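J.: Got a sequence here, can you build the structure:
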Amino acid sequence: MSETVVETTGGKVRGEVRNGVHTFLGVPYAADTSGVHRFKAPRPVEPWGGVRDALAFGPSAWQPQIEGAGDLMVVFGGMAEPSVGDNCLVLNVWTPSTAGADRPVLVYFHGGGFTSGSGSWPAYDGAAVAARGDAVVVTVNHRLGLLGHLYLAEIGGEEYAASGATSILDLVAALEWVRDNIAAFGGDASHVLAYGESGGGWKTSTMLAMPSAHGLFQSASLMSGSSLRCETAAGGTALAEATLDALGLTSKQISKLHDMPGERLMEAQQKVGMGMTGIGTGRGYAPVLDGTHITQDPVDAVRSGSAPDVPMMIGTCRDEFKTFAMAMPAPEGEPDDAWLLELLRAPLGGRAEEVIAGYRRTRPKANPRDLQLAISTDFHMRIPSVRMAEACAASGSAPVFMYRFDWESPAFGGLIGAGHGVDYPFFFHNLAAATVTSEGPGRERLTAEMSGAVVALARNGNPSHAGLVPWDTYDASRRATMLFAEKSAMDDDPHGDERALWDDIV
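T.: Numbers count the residues shown, from 1 in each chain. Predicted coordinates for the structure are as follows:
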């Protein structure tokens, strides 16, 4: 390996050339957020002298840990993190060359909801996409959970005006760093794709509602994560009050949060977050509609024309909830119709019987468990993505491209199918990095199609490319959808009869 040095606005960074790809890890894009800077908007990076090593991943955000697992492990997905802490505003860059400044830039926001994850997960390694697509790939760490979304503005006053949105403001700061620095890494700041899967899609959705993010990316993709609504200010305040109570603090003792050990904050986060019933709106530690930094709910912002010139690629996995079902306790006894109805009454209320009846018509051979997985997949993932795609297509001049991931993983005896999270290793061309994609038919051709699509979207504002069947744009009449599978194909309004059941529900 040979070293590679680039000058940024903070100072020079030393990376490595690994298999022909220039790799820079743990590069600061903003300053330390510890102490008095907790719950505040990110500050510009503090410059350094000399050359700073960018050879290893930097700290990840504070997040709940699995005890006794050897290396430090996060709860979500059991992924190992190099370290956690407040000084986590770092990013990673992969580029084929630091020469020139004309490569499309793919800025990926990690999954894990709003409470876990990092840009250093193995399947997020950007080297393969950078090399194959002649593109620059960036992954980002940022504040999470309580430290990224504890809304203290109505309790602590103006000093905490940014507290409900610091996590997303971190991402805006990362995009500003890309704007100011990416040319030195061979990238073109006028061709930036903001995208992410699961929680990364929620974060990207939220930035569509943030005036400060406008103009920092020219295309976007929401993968299994279209967030339509943010937490309300009232809900965020109720959650903050419950958090203070769990920590044994009053509203006049907020300053104690700044010096409290991160481990203790995570204990409170788990205690309060796992008992969300009756607190706020139930969204948990999530971006708050504060009226200043986040001025509209994402879907309303899009409908009002906040992103009229941003081409969008939006999609979900066909069997999203099969992944979640594998991590949940099995129901006692054989699931029956009474079990199904009781389970769906919480999210659907009086419409539960109607929705179940609709899915029974379209899936007459499905058992109650199969119906629960299909309905939950649509309610939580597919229909919000449809609503966001409809809003984008109706309000802007830029094209919208819809997809559904149908490739079935043989992992875990086939139980996961085309479940949540099976798709993103394909977008990164990192199939060997994830158990669920380490085998199966048609993998190489499909990952070439999918990784090529995100590069094409960044470069051209259109995910179509020579290695993929022609991809037609989405609108509410035809609903053209790319089905990524062993043999990918276009389909108009797949499972449209089931989609129509939700027209006046979600």
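
J.: Sketch out the low-pLDDT regions of this structure for me.
T.: For the chain, the stretches with pLDDT under 70 are 1, 66-79, 274-282, 506.

J.: domain parsing for it?
T.: With domains defined by automatic domain parsing, the chain comprises 2-310, 319-500.

J.: Can you list the residue ranges for helices in the stretch 51-200 of the chain?
T.: Applying DSSP state H, counting those that start in this stretch to the stretch 51-200 of the chain gives helices spanning 127-133, 145-149, 153-156, 166-181, 199-207.

J.: now swap in the stretch 301-450 of the chain and tell me
T.: Along the stretch 301-450 of the chain, the stretches classed as helices by DSSP H, counting those that start in this stretch are 320-326, 337-348, 352-362, 368-377, 383-395, 424-428, 443-460.

J.: Can you name the next helix or strand after the last one?
T.: Yep, that's helix 443-460 we're talking about. strand 480-484 (DSSP states H and E).

J.: Can you say which of the domains of the chain is packed in most?
T.: Using mean count of other Cβ atoms under 10 Å, the stretch among these with the largest mean neighbour count is domain 2-310, at a mean of 20. (C-beta placed from N, C-alpha, C; glycine too.)

J.: Tell me which residue lies farthest from the centre of the protein.
T.: Farthest-out residue of the chain from its mean C-alpha position, per Cα atoms, centre = their mean: residue 333, at 35.3 Å.

J.: closest one to residue 413 among the helices of the stretch 301-450 of the chain?
T.: Residue 413 lies closest to helix 320-326 among the helices of the stretch 301-450 of the chain, at 10.4 Å (Cβ to Cβ).

J.: now for that closest one, which elements pack on it?
T.: Judged by 3 or more Cβ pairs under 8 Å, 6 or more residues apart in numbering; DSSP states H and E, the packing partners of helix 320-326 are helix 368-377.

J.: Any idea what residue 490 is bridged to?
T.: Applying DSSP bridges to residue 490 yields these beta-bridge partners: residue 482.

J.: Hmm, residue 480 and it touching each other?
T.: Yes: the pair residue 490 / residue 480 is scored as a contact, 6.0 Å apart, by Cβ atoms under 8 Å.

J.: Find residues that contact each of the two.
T.: residue 472 (Cβ atoms under 8 Å, 6 or more residues apart in numbering).

J.: residues near residue 504, how many?
T.: Other residues within reach of residue 504, judged by other Cβ atoms under 10 Å, total 7.

J.: how close does the residue nearest the centre of the chain get to residue 118?
T.: Residue closest to the average C-alpha location in the chain (Cα atoms, centre = their mean): residue 200, at 0.9 Å. Distance, residue 200 to residue 118, by Cβ to Cβ, to the nearest Å: 11 Å.

J.: do the same with residue 429
T.: 20 Å.

J.: Also residue 137?
T.: Distance, residue 137 to residue 118, by Cβ to Cβ: 15 Å.

J.: give me every residue that touches the residue nearest to residue 3 when sequence neighbours are not counted.
T.: Sequence neighbours aside, residue 14 is the residue nearest to residue 3 in space, at 5.5 Å (criterion: Cβ to Cβ, 6 or more residues apart in numbering). Counting by Cβ under 8 Å, 6+ apart, residue 14 touches 3-5, 51-55.

J.: from those, which ones fall inside strands?
T.: If you go by DSSP state E, these have 3-5, 51-53 in strands.

J.: Now render those residues as TSV, adding distance to residue 29.
T.: Formatted as TSV, the ones in strands among the contacts of residue 14 follow (distance: Cβ to Cβ, whole Å):
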residue	distance to residue 29
3	21
4	19
5	18
51	18
52	13
53	16
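
J.: what does stretch 472-487 contact?
T.: Where contact means Cβ under 8 Å, 6+ apart, the residues beyond stretch 472-487 that reach it are 314-315, 389-390, 393-394, 399-407, 423, 426, 441-442, 446, 449-450, 468-469, 471, 488-494, 496, 499.

J.: Show me the beta-bridge partners of the nearest residue to residue 184 once chain neighbours are set aside.
T.: Distance criterion Cβ to Cβ, 6+ apart; nearest residue to residue 184, sequence neighbours excluded, is residue 6 at 4.9 Å. Partner residues in beta bridges with residue 6, using DSSP bridges, are residue 13.

J.: shouldn't residue 6 be in contact with residue 16?
T.: No: counting by Cβ under 8 Å, residue 6 does not reach residue 16; the two are 11.9 Å apart.

J.: if I read this right, residue 240 contacts residue 146, doesn't it?
T.: No: with contacts counted by Cβ under 8 Å, residue 240 stays clear of residue 146, the gap being 9.2 Å.

J.: got the contact list for residue 196?
T.: Applying Cβ under 8 Å, 6+ apart to residue 196 gives the contacts 108-111, 202-204, 221-223, 225.

J.: For the residue lying closest to it once chain neighbours are set aside, give its distance to residue 426.
T.: Once flanking residues are discounted, residue 196 sits nearest to residue 109: 3.6 Å by Cβ to Cβ, 6+ apart. For residue 109, the distance to residue 426 (Cβ to Cβ) stands at 18 Å.

J.: ok, now residue 47?
T.: For residue 47, the distance to residue 426 - Cβ to Cβ - is 39 Å.

J.: same deal with residue 365?
T.: Relative to residue 426, residue 365 is positioned 30 Å away (Cβ to Cβ).

J.: could you show me where the strands are in the stretch 51-200 of the chain, in order?
T.: Remark: strands assigned in the stretch 51-200 of the chain by DSSP state E, counting those that start in this stretch are 51-53, 90-95, 103-109, 136-140, 187-197.

J.: now the fourth one and helix 199-207, what's the angle there?
T.: Taking axes from the mean of the first three to the mean of the last three Cα atoms, to 10 degrees, strand 136-140 and helix 199-207 form an angle of 90 degrees between their directions.

J.: I'd guessed the residue nearest to the centre of the chain sits against residue 106; true?
T.: No: using Cβ under 8 Å, residue 200 is not in contact with residue 106, being 12.0 Å away.

J.: Let me have the helices of the stretch 301-450 of the chain in CSV, adding distance to residue 414 as columns.
T.: Output for the helices of the stretch 301-450 of the chain, formatted as CSV (distance: least, Cβ to Cβ, whole Å):
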stretch, distance to residue 414
helix 320-326, 10
helix 337-348, 23
helix 352-362, 22
helix 368-377, 14
helix 383-395, 25
helix 424-428, 17
helix 443-460, 15
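
J.: Indicate which one of those helices is closest to residue 59.
T.: Set against residue 59 and scored by Cβ to Cβ, the helices of the stretch 301-450 of the chain come closest in helix 424-428, at 22.2 Å.
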